[in-house]
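J.: coords please:
(chains A and B)
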Amino acid sequence: TQLLEQSPQFLSIQEGENLTVYCNSSSVFSSLQWYRQEPGEGPVLLVTVVTGGEVKKLKRLTFQFGDARKDSSLHITAAQPGDTGLYLCAVSHGSSNTGKLIFGQGTTLQVKP
Amino acid sequence: ETGVTQSPTHLIKTRGQQVTLRCSSQSGHNTVSWYQQALGQGPQFIFQYYREEENGRGNFPPRFSGLQFPNYSSELNVNALELDDSALYLCASLRRGTENIQYFGAGTRLSVL
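T.: So this is what the prediction gives:
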């Protein structure tokens, strides 16, 4: 079983639509990261959330860390084709962020023009 | 551009062979982690090197081994290749002790026939 469960696994939408992807676990984490990976590239860090209930915004992307620090969501407003990619949540193995990451299986997002 | 360079970009091997993948980390980064990413999945942590010593290992057999050199570049070696070793292999570097943001290379796509 996966430590981090992401849903949905695949999402295909039209440009301009809104969407939310989820990252859930039964474990409590000190922090959680979201990455985006485009075809032929490695994952790129979008955000790190640390505090329960924390909300962070990055342009049209809104990230939320659950109050109990067990889950997180990523909401994209008015999706654009440039948002297409694999969205990954990840947590650190161990208590501190030392680069040993455990990833969810990812959500593949396709935004059609 | 993350400053992390991996070579080769693509590689085809046959079952039973050995392979060496290379990673040149971002300048000043003393920690390198290697990940295996199967198609449509999230990356899985293989191991990490810090100051030329292995510093943590995921659930991978001993035929996966590595090295880190004094200039902090790194190699991943896989012996006795199996068909299931076909994947994208990612390396990521960070400078431990600062902001601990990990930067990923674009990966090496390994196909085992």
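
J.: Which pLDDT value belongs to the residue of chain B found nearest chain A?
T.: Sorted by distance to chain A under C-beta to the nearest C-beta, the residues of chain B start with B:F104, at 2.9 Å. (Glycine included, C-beta is placed from N, CA and C.) What the model reports as pLDDT for B:F104 is 95.

J.: does it have beta-bridge partners, and which?
T.: Taking DSSP bridges as the rule, B:F104 bridges to B:A92.

J.: count of residues packed around it?
T.: Neighbours of B:F104 under the rule other C-beta atoms under 10 Å in any protein chain shown: 22.

J.: Just confirm B:A87 contacts B:L110, I think it does.
T.: Yes. Here B:A87 reaches B:L110: they are 6.2 Å apart, a contact under C-beta atoms under 8 Å.

J.: For residue 77, give me its contacts.
T.: Here I'm looking at chain A. With contact set as C-beta atoms under 8 Å, 6 or more residues apart in numbering or on different chains, A:T77 has these partners: A:N18, A:R60, A:L61, A:T62.

J.: actually chain B
T.: So B:N77 contacts B:Q18, B:V19, B:T20, B:L21, B:F64, B:S65, B:G66, B:L67 (C-beta under 8 Å, 6+ apart).

J.: What does the pLDDT read for the residue most central in space within chain B?
T.: Chain B has B:W34 as the residue nearest its centroid, 3.2 Å off, counting by C-alpha atoms, centre = their mean. pLDDT recorded at B:W34 is 97.

J.: which one is it nearest to, not counting chain neighbours?
T.: B:I46 (4.3 Å; C-beta to C-beta, 6 or more residues apart in numbering or on different chains).

J.: Give the buried residues for whichever strand or helix holds the one you found.
T.: Taking DSSP states H and E as the criterion, B:I46 maps to strand B:44-50. Using 16 or more other C-beta atoms under 10 Å in any protein chain shown as the test for burial, strand B:44-50 gives B:Q44, B:F45, B:I46, B:F47, B:Q48, B:Y49, B:Y50.

J.: dump the residue contacts of the nearest residue to B:F60 once chain neighbours are set aside.
T.: Of all residues not flanking B:F60 in the chain, B:I46 sits nearest, at 5.1 Å (C-beta to C-beta, 6+ apart). B:I46 makes contact with B:S33, B:W34, B:Y35, B:Q36, B:R57, B:G58, B:F60, B:F64, B:G66, B:L76 under the criterion C-beta under 8 Å, 6+ apart.

J.: Need the distance between the two termini of stretch A:70-87.
T.: One end of stretch A:70-87 sits 18 Å from the other (C-alpha to C-alpha, to the nearest Å).

J.: picking that back up, wait, the residue of chain B closest to chain A touches A:L88, no?
T.: No. Using C-beta under 8 Å, B:F104 is not in contact with A:L88, being 10.7 Å away.

J.: Overlap in contacts, those two.
T.: By C-beta under 8 Å, 6+ apart, the residues touching both B:F104 and A:L88 are A:P43.

J.: Residues of chain B that sit close to chain A?
T.: Within chain B, the residues that sit near chain A (C-beta under 8 Å from any C-beta of the partner chain) are B:2, B:4, B:31, B:33, B:35, B:40-45, B:48, B:55-56, B:58, B:90, B:92, B:94, B:96, B:100-102, B:104-107.
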